[in-house]
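*Asks:* need a structure here:
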Amino acid sequence: MRTLTAQPTEVPNARPADFDMAASEGQPDSQVDCDQTIMSKRRPGVTIANAVGWQVQNHDGFVKSYISTMRYGPFSEQCETWRRISQWSSMLRCVILGDSDPVIISDEFTDDVKSILGPAQVNFLICGAGHDLPMTKSREVLRHLVEFEDVRSKSDVDRSAT
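*Replies:* Below is the predicted model:
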């Protein structure tokens with residue numbers, strides 16, 4: 001069995017996740033470069049870009065796994081699946097998207113979800129971020145999830161009282 005070890009590479013312009021680039025440089029949050037986002041405070045030299053690069057170079061299954069996900073994953077033609085899921089429960093759902101995500105286009109996804117589940121069934125948060133929003137906007141995402149859970153819990157109590 002081969003042991004994989006990562007050697008952090010120092011990245012001169014790396015920024016910690018949740019770095020407020022807008023306040024410090026006058027740029028909108030959506031311009032945060034995910035390639036320069038630090039993944040861990042313990043390893044400040046390891047960014048998203050060099051971690052992915054390391055996986056491509058050193059992890060034999062990484063590329064195969066990614067290709068398999070693209071080939072067999074449920075990425076399109078899923079409206080009927082979403083409709084069935086919506087019938088399981090009238091519970092309010094939370095969807096968090098990045099406004100500059102090149103993979104999941106927030107406007108298209110929002111329209112699709114509203115048309116399938118109904119606009120009253122979904123709470124959306126659109127962050128100034130890309131596909132890396134769980135890392136670059138972790139505090140904002142967590143804050144929204146806590147607020148959402150409070151609203152949903154209150155909604156569940158109100159429904160059970162009627």
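
*Asks:* contacts and neighbour counts: CA atoms only from here.
*Replies:* Fine.

*Asks:* in this structure, which helix or strand is least confident?
*Replies:* One helix or strand of the chain scores below all others by mean pLDDT, DSSP states H and E: helix 21-25, with a mean of 39.

*Asks:* following that helix, which helix or strand shows up next?
*Replies:* Using DSSP states H and E, the helix or strand that follows helix 21-25 in sequence is strand 37-38.

*Asks:* how distant is that next one from the center of its chain?
*Replies:* Counting by CA atoms, centre = their mean, to the nearest Å, strand 37-38 is centred 15 Å from the centre of its parent chain.

*Asks:* what does stretch 126-139 give?
*Replies:* Using CA atoms, centre = their mean, the offset of stretch 126-139 from its chain centre is 6 Å.

*Asks:* what comes up buried for it?
*Replies:* With burial defined by 16 or more other CA atoms under 10 Å, the residues of stretch 126-139 counted as buried are 126, 127, 128, 129, 130, 131, 132, 133, 134, 135, 136, 137.

*Asks:* now stretch 49-62
*Replies:* Those would be 50, 51, for stretch 49-62 by 16+ other CA under 10 Å.

*Asks:* May I have that stretch as PDB, with CA atoms only?
*Replies:* Extracted in PDB, the C-alpha atoms of stretch 49-62 (Å, rounded to 0.1, in the frame of the first residue of the first chain):
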ATOM      1  CA  ALA A  49      -5.800  24.800  -6.600                       C
ATOM      2  CA  ASN A  50      -2.700  23.100  -5.300                       C
ATOM      3  CA  ALA A  51      -4.700  20.500  -3.400                       C
ATOM      4  CA  VAL A  52      -6.600  19.600  -6.600                       C
ATOM      5  CA  GLY A  53      -3.300  19.600  -8.500                       C
ATOM      6  CA  TRP A  54      -1.800  17.300  -5.900                       C
ATOM      7  CA  GLN A  55      -4.800  14.900  -6.200                       C
ATOM      8  CA  VAL A  56      -4.400  14.700 -10.000                       C
ATOM      9  CA  GLN A  57      -0.700  13.900  -9.700                       C
ATOM     10  CA  ASN A  58      -0.700  11.600  -6.700                       C
ATOM     11  CA  HIS A  59      -4.100  10.000  -6.200                       C
ATOM     12  CA  ASP A  60      -4.700   7.300  -8.800                       C
ATOM     13  CA  GLY A  61      -8.400   7.200  -8.300                       C
ATOM     14  CA  PHE A  62      -9.100  10.900  -8.400                       C
END
